[in-house]
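Trainee: Sharing a model prediction with you, sequence too.
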Amino acid sequence: MTLTEPVKDPVAAAADEPDRRPEAKPKDNRAWLLVLPVVVCVTFTALIPLMTVVNYSVQDIFSPSDRIFVGLEWFRSVTRDPEVRGAFLRTLLFSAQVLLIEIPLGVAIAVAMPRRGWTVSAALVVVALPLLIPWNVVGTIWQIFARGDIGLGGWAINQVPGVDFNYTLDSTDAWITVLVMDVWHWTPLVALLAYAALRSIPEPYFQAAQIDGASAWATFRRIQLPRLRGVLTIAILLRFMDSFMIYTEPFVVTGGGPGNATSFLSVLLSKIAVGQFDLGPAGAFSLLYFLIVQIVSYVFFTVLTRSGR
Amino acid sequence: MALTLDGVCVRRRGEVWLDGIDLELPSGMTTLLGPMTAGKTTLMRVAAGLLPPDSGRVVVNGRDVTGLSVRRRSVAFVYQQFVNYPSLTVHENIASPLRLDRSFPKRDVDRRVREVAELMGIAELLGRRPAELSGGQQQRTAIARALARPVDLLLLDEPLANLDFKLREQLRSDLKSMFRQSPGLVLYATSDPAEALAFAAPAVVLGEGRVLETGEVAALYAHPPTLAVAAALSDPPLNLLPGTVREGRVEVLGASFPAPRAHASGRDVVLAVRPHHVSIDPAGDGALEFPAEVRLAEVTGSVTFVHLLLPGDRHLVAQLDGPRAFTPGDRATAYVDPAHAFLFDESGGRLLAESAAEVDLHG
């Protein structure tokens, strides 16, 4: 026996034995009582409302006393509705663009932010500012900012010769306005998450890279990026879910227009549910919407965490 | 290969980190010994070119490299933390400094990586990533990375401090033989006197940003010229007892012994004694006797540390052989042989008398 092999004490080993058998572990069902408050709370605030929506989605409701069961009819009609399909593709495109812009931009900002000195607090305040503004106020700010006549941003763009920027009339202009607004509003979140992760990298890693003679890009790829994997998974999930369910800002700025140009799933859903009061189709729509967000998030999460191993 | 530091000063936020370091280091290994915040890491970072000194010069082989970027110098650095590229395998980690070194032939990279991995005993781990390694294996990888490229200056900043005891012993003896073959200059920082003694290399003792002493570590251990050097070379810490010279005798807490040399009467001195030279069993003639009360006993297995309270609220720690049983509050007598103690000037800490004619290294 070599010295490096642990010497097993027979007495200690025998004493360890019973603990390894799972049935020896004491079971106490009273532990479930600890979970009960959460179960009650979730049931009251989430499960019952959700079941109400499920109930709506399989009925045609004329009045509270006059309703008929229609089975999966609403699901069929909602999935075939060209307006819903258009909104779905539009929302998907919007989320994709948001992720493609905000994630790299946020990481770039985080890398460029100072690591020490008084400039750290200054940079943090400036970057975090958009996150502190309420969502509907963000919408109002951009509604005015992007206007060609009195808005600073819209007016400035229109000073470029040959450009006629008007988000109330032009679909592309409206789309760009909403997209830029989201980038302005939410890139700081990605930047702050990434910055926190970057700050946790000990200085010797950068020195070691410097000693090796590694370039700035190699340092980023080999030292910073691996550290960012965890927070970027969260950032991508958050930004996907949030942008896929975006409602307040486009509602305030464009109201879904011009035409259907910025009519995302949520805008359309609220039009059907609150505007037209079609509770059956709106219920089916909501459940499908809910499922899509769940499934896409699950796929994202699985793919992102699996590639990390 | 020779490294010269000439009046190097580093100040940060009103604090002096390095205060006029003058050093000349030859090829081979040098140990940098000092307690925490002595300036070991700062000195190494200046030597590597990672930190520009506020004043002073760094000269390598007669060439002033003070302003030269670390990228253009031939250095390797091993940190106390295990620093490896997390997304690269062990093989790629060791290869990375070789690949980035334009003068190193590309076709030799793989051979060299295997050679160094063999040397560090991690050859079978080359395909793994750092997260899949134990602490000792991670540090072996980091050391292999530093050894792979032949460099002028190899710097190791307490590389074994974060490892457990057994690994530390093993890796230390591996390193010792490795450094002996290394062509360049090896600077090894440690706060552990036992480690410095084990390497048996020339030592530079640092304290509060200054060079306290240079010399062979065993000689410094046996004859520390100042109290600060004696403290840096003592682990467990030195016991310090205040005393006064009176009519040719040194009086310490009621006991006295003949002063080794003629000193002015009334002079304040400090008697410094290592814990393993304090006994509670009657020692030979001439030992100072102090009545004491046991406050605490720590048994580590091979030795027992007894914390004693002497008259005048003075604390004294005795290191005794083997496990021994004590109860707090026990009365005991502490014996200190002045022949094994050091006598320092109270103010400056200069050595007034050497401990003993016969140097006791093994204690």
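Mentor: All right, it came through fine.

Trainee: for the residue of the stretch 251-363 of chain B found nearest chain A, helix, strand, or coil?
Mentor: Residue of the stretch 251-363 of chain B nearest chain A, by C-beta to the nearest C-beta: B:G301 (15.1 Å). For every residue, glycine as well, the C-beta is placed using N, CA and C. Look at B:G301: counting by DSSP: H, G, I helix; E, B strand; the rest coil, its state is coil.

Trainee: how about it, what does it touch?
Mentor: For B:G301, the contacting residues are B:P323, by C-beta atoms under 8 Å, 6 or more residues apart in numbering or on different chains.

Trainee: how near is it to B:H276?
Mentor: To B:H276, B:G301 is 15 Å away according to C-beta to C-beta, to the nearest Å.

Trainee: go on, B:A48?
Mentor: Distance from B:A48 to B:H276, by C-beta to C-beta: 37 Å.

Trainee: Same check on B:D321?
Mentor: Look at B:D321 and B:H276: by C-beta to C-beta, they are 9 Å apart.

Trainee: who touches both of those two?
Mentor: Common neighbours of B:D321 and B:H276 (criterion: C-beta under 8 Å, 6+ apart): B:V303.

Trainee: When the two are compared, which one has more neighbours?
Mentor: B:H276 (19 against 10; other C-beta atoms under 10 Å in any protein chain shown).

Trainee: Contact partners for the closest residue to the more buried one other than its chain neighbours?
Mentor: In this structure, B:H276 finds its nearest non-sequential neighbour in B:Q319, 4.3 Å apart by C-beta to C-beta, 6 or more residues apart in numbering or on different chains. The contact partners of B:Q319, taken as C-beta under 8 Å, 6+ apart, are B:P236, B:R274, B:P275, B:H276, B:V278, B:V303, B:T304, B:F305.

Trainee: What residues are bridge-paired with B:Q319?
Mentor: B:F305 (DSSP bridges).

Trainee: and B:S55, what are its bridge partners?
Mentor: Going by DSSP bridges, B:S55 forms beta bridges with B:C9.

Trainee: close enough to count as contact, it and B:V8?
Mentor: Yes: using C-beta atoms under 8 Å, B:S55 is in contact with B:V8, at 7.5 Å.

Trainee: who has more neighbours, those two?
Mentor: Per other C-beta under 10 Å, whichever of B:S55 and B:V8 has more neighbours is B:V8, with 25 against 13.

Trainee: In terms of pLDDT, where does the residue nearest to the more buried one when sequence neighbours are not counted sit?
Mentor: Spatial nearest neighbour of B:V8, chain neighbours left out: B:G56 (3.5 Å); criterion: C-beta to C-beta, 6+ apart. At B:G56, the predicted lDDT confidence score is 90.

Trainee: for the one 5 residues further on, same thing?
Mentor: The confidence metric pLDDT takes the value 84 at B:N61.

Trainee: what's the answer for A:S263, then?
Mentor: 85.

Trainee: Which residues are in contact with it?
Mentor: Counted by C-beta under 8 Å, 6+ apart, A:S263 has contacts A:G86, A:A87, A:R90, A:G256, A:G257, A:K271.

Trainee: Between those, which sits nearest A:D212?
Mentor: The nearest member of the contacts of A:S263 to A:D212, counting by C-beta to C-beta, is A:R90 at 47.7 Å.

Trainee: in which helix or strand would I find the closest one?
Mentor: helix A:82-112 (DSSP states H and E).

Trainee: and that helix, how far out from the chain's middle?
Mentor: With C-alpha atoms, centre = their mean, to the nearest Å as the basis, helix A:82-112 stands 10 Å off its chain's centre.

Trainee: In it, which residues are buried?
Mentor: A:84, A:87-88, A:90-91, A:94-95, A:98-99, A:101-103, A:106-107, A:109-111 (16 or more other C-beta atoms under 10 Å in any protein chain shown).

Trainee: and what of stretch A:242-252?
Mentor: A:S243, A:F244, A:M245, A:I246, A:E249, A:P250, A:F251, A:V252.

Trainee: quick check, the first one in a helix?
Mentor: Yes: applying three-state DSSP, one finds A:S243 inside a helix.

Trainee: how many neighbours does residue 135 have?
Mentor: All of this refers to chain A. A:W135 has 14 nearby residues by other C-beta under 10 Å.

Trainee: try again with chain B
Mentor: Using other C-beta under 10 Å, the number of residues around B:G135 comes to 12.

Trainee: before we move on, what about A:G139?
Mentor: Residues near A:G139, counting by other C-beta under 10 Å: 22.

Trainee: what residues does the helix or strand harbouring it touch?
Mentor: Per DSSP H and E: A:G139 is located in helix A:135-145. Helix A:135-145 is contacted by residues A:130, A:133, A:150-154, A:177, A:181, A:184-185, A:248-253 when judged by C-beta under 8 Å, 6+ apart.

Trainee: Please check the residues you listed and keep the buried ones.
Mentor: A:P130, A:G151, A:G153, A:G154, A:T177, A:M181, A:H185, A:E249, A:P250, A:F251, A:V252, A:V253.

Trainee: any idea how far A:I157 is from the second one?
Mentor: Yep, that's A:G151 we're talking about. 9 Å.

Trainee: Just the closest of the buried residues of stretch A:242-252 to chain B, please.
Mentor: A:S243 (28.6 Å).

Trainee: Just the local confidence number for that closest one, please.
Mentor: On the pLDDT scale, A:S243 is placed at 92.

Trainee: so who does it touch?
Mentor: A:F94, A:S95, A:V98, A:L99, A:D182, A:W186.

Trainee: Make TSV out of the residues you listed and add pLDDT and distance to B:T244.
Mentor: Output for the contacts of A:S243, formatted as TSV (pLDDT from 0 to 100; distance: C-beta to C-beta, whole Å):
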residue	pLDDT	distance to B:T244
A:F94	94	86
A:S95	94	83
A:V98	95	80
A:L99	95	78
A:D182	93	80
A:W186	94	74
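
Trainee: Let's see the pLDDT reported for A:R80.
Mentor: A:R80 is given a pLDDT of 88.

Trainee: Could you report the neighbour count for it?
Mentor: Count around A:R80 with other C-beta under 10 Å applied: 9.

Trainee: Is B:G266 in a helix, a strand, or coil?
Mentor: Per three-state DSSP, B:G266 ends up coil.

Trainee: correct me, but it touches B:T244?
Mentor: Yes: between B:G266 and B:T244 a contact is recorded at 6.7 Å, counting by C-beta under 8 Å.

Trainee: Who has more neighbours out of those two?
Mentor: Taking neighbours as other C-beta under 10 Å, B:G266 and B:T244 compare with B:T244 leading, 15 against 9.

Trainee: OK, contacts around that one?
Mentor: B:T244 neighbours (C-beta under 8 Å, 6+ apart): B:V250, B:E251, B:G266, B:R267, B:D268, B:V269.
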